[in-house]
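Student: from the sequence below, what's the structure:
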Amino acid sequence: MLFRSEGVYAWVDLNDLRGNFREPGRSLEGVIEVGGASAQVTYASTNAPGDHSASVTVNNTTYRLFSISWLGLGQNEARAAMFKRIHEGGGETNNVCYPNNPAAAGNLTGFNVDIQGYRVNSAQFDLAQCESLYSAVLQPFNVRSASANSDFASVRFVGVSSVYYAFSDWGGLTDAASIRENLRAVCTGVNAWESVAARLGGTNKFKQNACANGTFINSLLFGSNGLGVEPTKVTAVDKVAGRTPSWTRGFALVGK
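Tutor: Predicted coordinates:
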């Protein structure tokens, strides 16, 4: 319940910051939030099934919502699950979700998976194979259930947290449909790490995992075992009206 509540309150904060509660006629936007451990999807729905139905009152108006959370589909946990699926629980050698770097460009001799001490010693990015791994990670969670009711198709979504960073890295802020091809173009090939590092720049502290994370976010949103959102209906933000959307602020708004 805690994680689902985070999605509800993140939805409140996002729509408040966007002015959707204050301006008559404004559509309410859905939120897709991916953290390190869990992912949440929340949107306005009048026919959400009981186990995913929620209601929240803002400014004396009650809104009915569909809200779901998946513990284990945060970006870090999904990456760990992907890693474990390779080479009988290894994944250190020729990992297909990381860019090739035999010349150790930038003095990088291996990739820090940044969870549970995992490390990739050699890599050969293959988009289709990496997508297949992440599809297998997604499959047990039945993510497509979040888009099963009739309200989903009309919702415009805003991605926050890890969704924003993947969109920023791979061109999704201007065209969500371009993420997949950008991943293929930049992460594939001999010495691809040089291209990845050049694209993301020296200040991006998450770039070692950017090809894997981008593939996961793209698979979660658009893949066959993912949500199946239309790319034209998803944007991503870091800040709205100068603030980062936060479930804690949403909780405070509801409590007023």
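Student: low pLDDT regions in the stretch 151-256 of the chain?
Tutor: By pLDDT under 70, the weakly predicted segments of the stretch 151-256 of the chain are 255-256.
Student: where do the helices sit along it?
Tutor: Counting by DSSP state H, counting those that start in this stretch, the segments of the stretch 151-256 of the chain that form helices are 162-169, 179-187, 192-200, 210-222, 247-254.
Student: for these, which one sits closest to residue 230?
Tutor: Proximity to residue 230 (Cβ to Cβ) singles out helix 210-222 among the helices of the stretch 151-256 of the chain, at 8.5 Å. C-beta coordinates here come from the backbone N, C-alpha and C atoms, glycine included.
Student: mind checking how far the closest one is from the chain centre?
Tutor: Averaging C-alpha positions (Cα atoms, centre = their mean, to the nearest Å) puts helix 210-222 7 Å from its chain's average.
Student: next: stretch 237-254.
Tutor: 18 Å.
Student: ok, residues contacting that stretch?
Tutor: The set of residues external to stretch 237-254 that reach it, using Cβ atoms under 8 Å, 6 or more residues apart in numbering, is 5-14, 16-18, 31, 33, 56-58, 158-160, 164, 168.
Student: just the residues you listed: which are in helices?
Tutor: Under the assignment DSSP state H, the contacts of stretch 237-254 contribute 5-14, 16-17, 164, 168 to helices.
Student: please pick the buried ones from those.
Tutor: Neighbour-count burial (16 or more other Cβ atoms under 10 Å) is assigned, among those, to 5-14, 16-17, 164.
Student: so can I have a markdown table of those residues showing distance to residue 79?
Tutor: Listed next are those as a markdown table, based on distance: Cβ to Cβ, whole Å:
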| residue | distance to residue 79 |
| --- | --- |
| 5 | 25 |
| 6 | 20 |
| 7 | 21 |
| 8 | 26 |
| 9 | 26 |
| 10 | 22 |
| 11 | 26 |
| 12 | 29 |
| 13 | 27 |
| 14 | 25 |
| 16 | 32 |
| 17 | 29 |
| 164 | 17 |
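Student: which of those sit farthest apart?
Tutor: 5 and 164, at 21.3 Å, using Cβ to Cβ across these.
Student: surely residue 159 is in contact with residue 173?
Tutor: No. Judged on Cβ atoms under 8 Å, residue 159 makes no contact with residue 173 at a distance of 10.0 Å.
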